[in-house]
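Participant: Take a look and give me a structure for this.
(chains A, B, C and D)
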There are 2 protein chains.
Amino acid sequence: MKKASDHVAELMDSFEKVCKSKGLRITHQRTEIFRMLIQNPNHPTTEDIFNQVRKHLSTISLDTVYRTIGTFEEYGLIRKVHHIDNATRFDHNLSIHHHLVCTQCGKIEDFYWPYFDRMKPPKSISRWGEIDLKHVVIDGICSSCSKKDI
Amino acid sequence: MKKASDHVAELMDSFEKVCKSKGLRITHQRTEIFRMLIQNPNHPTTEDIFNQVRKHLSTISLDTVYRTIGTFEEYGLIRKVHHIDNATRFDHNLSIHHHLVCTQCGKIEDFYWPYFDRMKPPKSISRWGEIDLKHVVIDGICSSCSKKDI
DNA sequence: CTATGTGCAAAGTCTTTGCTCCATC
DNA sequence: GATGGAGCAAAGACTTTGCACATAG
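Facilitator: This is a model prediction of the structure:
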């Protein structure tokens, strides 16, 4: 059986390969931030990352974390937990519905999916306490943006 | 056939009823903000709401919009478009997965749902351009928070 | 009339940016 | 060595809050 530490080592290797192949310098800061991310399953905030990494790398600054995270996202090494943009948006449509989000222009459209609404969530989440609401977010490029792309 | 304006009038009526039943004062600001919300299907930001409402109510201030929106959400009149909290969170898990979000403590857990992943989105969204990713968010109360509730 | 709600201004978060020095390649 | 990255500090975006006045009930 494989140890968890082997898995971390593997991911760190592939991190270095990605950096080399894309011409990204491998700095202490980047290495530690990436290591922290793969060891932390809790979807940390930037502040969380900063506080964790600071334990090993006391000189790191918060803006380096922001920049590094931005770089990682740009290079496809991590993803933001779904979230439209910085401003909260509101919805007066209280009936059960779902969202189409254009990753280019940020437009959000509602759609309905009654078949999905009737589905039971998978058994694997029975460990979770109570369920209020299940909601689908579909990311993509809306029709007007995909016309512009040509 | 019903006109759209009838529908708006109906919703405004029920808005007033809700306010009265819950002891919320019906002010110009609240009325105009609510009217704007039901006439705008675009999931506006607070700033959008402010700019729209200002056309009719030139003295309104941005912080009133924030407060009013907060009140509406608290009284169940509108909802925030799904979004965890103010800080962006990151995810190094790039495999296809979904999120359980505890609305009480904010914890986010990953889960897998291969049956859903194989499903085609509903036909109604064929108007949309391209689809990248479909993602389920389940809101609820996690097991440790629901134990505390008792 | 009374208490809730508004406007104003100021402060609090979270995030981004310009510049200089440092470390990786 | 050259150049991309880190650290610092300041500014920018979004949101919240304390206080005095206005207004709905």
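
Participant: For chain A, what lies in contact range of DNA strand D?
Facilitator: Contact residues, chain A versus DNA strand D (Cβ under 7 Å from any atom of the strand): A:24-25, A:27, A:29-30, A:57, A:59-61, A:63-64, A:67-68, A:71, A:86-88. All C-beta atoms are positioned from the backbone trio N, CA, C, and that covers glycine.

Participant: So which of those residues sit within helices?
Facilitator: Among those, the ones falling in helices (DSSP state H) are A:Gln29, A:Arg30, A:Asp63, A:Thr64, A:Arg67, A:Thr68, A:Thr71.

Participant: how about the last one, what does it touch?
Facilitator: It refers to A:Thr71. A:Leu24, A:Arg30 (Cβ atoms under 8 Å, 6 or more residues apart in numbering or on different chains).

Participant: Drop anything exposed from the residues of chain A next to DNA strand D.
Facilitator: A:Leu24, A:Gln29, A:Arg30, A:Ile60, A:Thr64, A:Thr68, A:Thr71, A:Thr88 (16 or more other Cβ atoms under 10 Å in any protein chain shown).

Participant: right, and the pair among the ones in helices among the residues of chain A next to DNA strand D with maximum separation?
Facilitator: A:Arg30 and A:Asp63 (14.1 Å; Cβ to Cβ).

Participant: can you give me the strands in chain A?
Facilitator: A:79-80, A:90-91, A:98-102, A:108-111, A:130-141 (DSSP state E).

Participant: Give me the distance between the last one and the centre of its chain.
Facilitator: Just to be clear, that refers to strand A:130-141. 15 Å (Cα atoms, centre = their mean, to the nearest Å).

Participant: Any chance you could list what contacts it?
Facilitator: So strand A:130-141 is contacted by A:82, A:96, A:98-104, A:111, A:113, A:116-117, A:121, A:125, A:149, B:82, B:103, B:121, B:125, B:128-141, B:146 (Cβ under 8 Å, 6+ apart).

Participant: Pull out the buried residues from those residues.
Facilitator: A:82, A:98-102, A:104, A:111, A:113, A:116, A:121, A:125, B:82, B:121, B:125, B:128-129, B:134-141.

Participant: count of neighbours near A:Lys20?
Facilitator: By other Cβ atoms under 10 Å in any protein chain shown, 11 other residues sit near A:Lys20.

Participant: ditto for A:Ser95
Facilitator: By the criterion of other Cβ under 10 Å, A:Ser95 has 6 neighbours.

Participant: any idea how far B:Lys120 is from it?
Facilitator: Separation of A:Ser95 from B:Lys120 (Cβ to Cβ, to the nearest Å): 23 Å.

Participant: cool, and A:Ile108?
Facilitator: Relative to B:Lys120, A:Ile108 is positioned 21 Å away (Cβ to Cβ).

Participant: Between those two, which is the more surrounded one?
Facilitator: Between A:Ile108 and B:Lys120, counting by other Cβ under 10 Å, A:Ile108 is the more crowded of the two (18 against 8).

Participant: tell me which residues of the lengthiest helix in chain A are tucked away?
Facilitator: The longest helix of chain A (DSSP H) is helix A:4-22. Buried residues in helix A:4-22, defined by neighbour count with 16+ other Cβ under 10 Å: A:Leu11, A:Phe15, A:Cys19.

Participant: Quick one: residues contacting the last one.
Facilitator: Listed by Cβ under 8 Å, 6+ apart, the contact partners of A:Cys19 are A:Arg25, A:Ile26, A:Arg30.

Participant: Now the lowest-mean-pLDDT helix or strand in chain A: buried residues?
Facilitator: The weakest-scoring helix or strand in chain A, judged by mean pLDDT, DSSP states H and E, is helix A:143-149 (a mean of 78). By neighbour count on 16+ other Cβ under 10 Å, the buried set for helix A:143-149 is A:Cys145.

Participant: now for it, which elements pack on it?
Facilitator: If you count contacts as 3 or more Cβ pairs under 8 Å, 6 or more residues apart in numbering or on different chains; DSSP states H and E, helix A:143-149 packs onto no helix or strand.

Participant: Close to DNA strand C: what parts of chain A are there?
Facilitator: Counting by Cβ under 7 Å from any atom of the strand, the residues of chain A that sit close to DNA strand C are A:19, A:25-28, A:45-47, A:62-63, A:66-67, A:70, A:86.

Participant: Understood, closing this out.
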